[in-house]
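J.: give the three-dimensional model of this entry:
(2 chains, ligands or ions: 2)
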Amino acid sequence: MNGLVSWLDERTGLLTVWRVVFERKVPRVNWWYTLGSASLFLALMQAVTGILLTMYYVPTPEEAYNSIQYIMNEVAFGWLIRGIHHWGATLMVLTVFLHMLRVFYYGAYKYPREVTWVTGVVLLLTTLGLGFTGYLLPWNQRAYWATAVGTSLVGTVPLVGEFLLRVLRGGTELSFLTLSRFFGAHIWILPAILFSTIGVHLYLVIRNGISYIPRRDE
Amino acid sequence: MLRLALMHISRICYNPAIFADLRCGTKLRFTMDWRSDYYIGRREFVASVAGILGALITLLVGLPIIGYLIAPALRASGVAGWVSLVPLSMLQPGIPTPCSFSRLKQTGWKRMQMTRTVYALLRDSGDVTVLSDICTHLSCKVRWSPERSVFVCPCHDGIFDREGAVLSGPPPRPLDRFDTKVENGQLFIYVED
Ligand code: HEM
Ligand code: FES
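T.: Ligands and ions are numbered 1, 2, ... in the order given. Model (predicted):
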């Protein structure tokens, strides 16, 4: 075991990476500082369960609803995989938001961590986008009307609103094109943005170190 | 790792005084006489507990995932039974006649009519053989060629005679046969799935 590790380390520098990532110095902090890691864990969990769901889910108006019924009632542990993805989505929005509040109230966004904050904003928006696009996929009444309303909001933007609405829906009406483009965004575009931004975010967290808890007089 | 953690947990159960040490984060000292290499720091303890919890969670989610992935393989898509094929009077003696039938099959959440073709051969003696059109090599569909009076598989040139026996090519065994019965002049075959 030790032989293997040193063999790998000599060729890859893996131990250095391990030390920089996991054995870095951190100030004495509290439980609020675990919210970023909780968000990361949930993001990975969503990726795993989401990939599993695509094994059975079919993103067309004819099949979407039935394929989800099939997952819930027929596939072994389908209820579990979908349940984790469903509740994980809600929980992730919550942890990401609380994480942002913690950073805000401790003033951890100040120099030199402004860029970390900006990547964080991208992460929050992407997380919300994942929630919004994922909500349509079951193609039931609630999903359909929530998306009808949600996309209509965009239509109220002055001048370009009507155009943006058509881009978002893939036409003037909610249709199979809306479903398939929401699916594409939900499983490819937004996760690609999420995970590459998480990479930058974590790099910055490690590079700048974690801030300490501000004292009362600061 | 597991051994260390279990030892550690059992020791804590027997010795409540250790909790004080745990809270201080110092190297644990035990009132009992332990061999020195049994000492575990708080770091190792937390690491092993985290490791065990991680393994448990992985197992708890990992095993269901296997079931989830193989689920469709575990259910039958159709029901075995007798299927009515053709009236015997429609068959021309000595020549395999293609006969189609369709059955309701369950695929995922959909029930669909699936159509299949089989070949019925009525011999001069009056008995019938029904051959599957699925090649025994790698399951392409064979076709009866009236010009050459053989079954031809387009994939790797497997050739079968009218009785389904292999004449040439890679197929390892004759074409599969169905169980048959005749009722009131109507030919039935037994379909497995
Ligand atoms: C998918 C979403 C996110 C993930 C996975 C994530 C992950 C992390 C992790 C693991 C840390 C280390 C410290 C800690 O956990 O508190 C961190 C720190 C930080 N995050 Fe996030 N984060 C996310 C969203 C956000 C958002 C929405 C913001 C703000 C708009 C933000 C701003 C920051 C800042 C400024 C730090 C540095 C804090 C310090 O040094 O004390 N992050 N993030
Ligand atoms: S599949 Fe028929 S010859 Fe190969």
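J.: what count of nearby residues applies to the residue nearest to B:R162 when sequence neighbours are not counted?
T.: Leaving aside its chain neighbours, B:R162 sits nearest to B:P96 (5.6 Å; criterion: CB to CB, 6 or more residues apart in numbering or on different chains). All C-beta atoms are positioned from the backbone trio N, CA, C, and that covers glycine. Neighbour count for B:P96, taken as other CB atoms under 10 Å in any protein chain shown: 27.
J.: A:I84 too?
T.: Using other CB under 10 Å, A:I84 has 22 other residues around it.
J.: and it, what does it touch?
T.: A:45, A:49, B:61 (CB atoms under 8 Å, 6 or more residues apart in numbering or on different chains).
J.: you'd agree B:L187 is up against B:S89?
T.: No - using CB atoms under 8 Å, B:L187 is not in contact with B:S89; the gap is 9.9 Å.
J.: more neighbours, these two?
T.: Neighbour totals were compared for B:L187 and B:S89, and B:L187 leads with 23 against 9 (other CB under 10 Å).
J.: work out for me the element B:L138 sits within.
T.: Using DSSP states H and E, B:L138 sits within no helix or strand.
J.: follow-up on the earlier one: top of the contacts of A:I84 by neighbour count?
T.: Going by other CB under 10 Å, A:T49 tops the contacts of A:I84 with 21 neighbours.
J.: ok, back up a step: can you pull the pLDDT of the residue nearest to B:R162?
T.: Confidence at B:P96, expressed as pLDDT, is 95.
J.: can you pull the contacts of it?
T.: B:119-121, B:131, B:144, B:151, B:162.
J.: which pair in the residues you listed spans the largest distance?
T.: Using CB to CB, the pair of the contacts of B:P96 lying farthest apart is B:A120 and B:F151, separated by 13.3 Å.
J.: those two: who's more crowded?
T.: B:F151 (26 against 23).
J.: any idea how far B:C99 is from that one?
T.: Noted for B:F151: a distance of 15 Å to B:C99, by CB to CB, to the nearest Å.
J.: mind checking the longest helix of the chain?
T.: Since no chain was named, I'll use chain A. Criterion DSSP state H: the longest helix present in chain A is helix A:78-105.
J.: other chain: chain B
T.: Every helix in chain B considered (DSSP H), the longest is helix B:42-70.
J.: buried residues, that helix. List them.
T.: Going by neighbour count (16 or more other CB atoms under 10 Å in any protein chain shown), the buried part of helix B:42-70 is B:45, B:48, B:61, B:64-65, B:68-69.
J.: what of stretch B:127-139?
T.: B:128-137.
J.: reformat the residues you listed as TSV; add distance to B:K181 and secondary structure.
T.: Output for the buried residues of stretch B:127-139, formatted as TSV (distance: CB to CB, whole Å; DSSP: H, G, I helix; E, B strand; the rest coil):
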residue	distance to B:K181	secondary structure
B:V128	10	strand
B:T129	13	strand
B:V130	11	strand
B:L131	16	strand
B:S132	17	strand
B:D133	20	coil
B:I134	22	strand
B:C135	26	coil
B:T136	24	coil
B:H137	29	coil
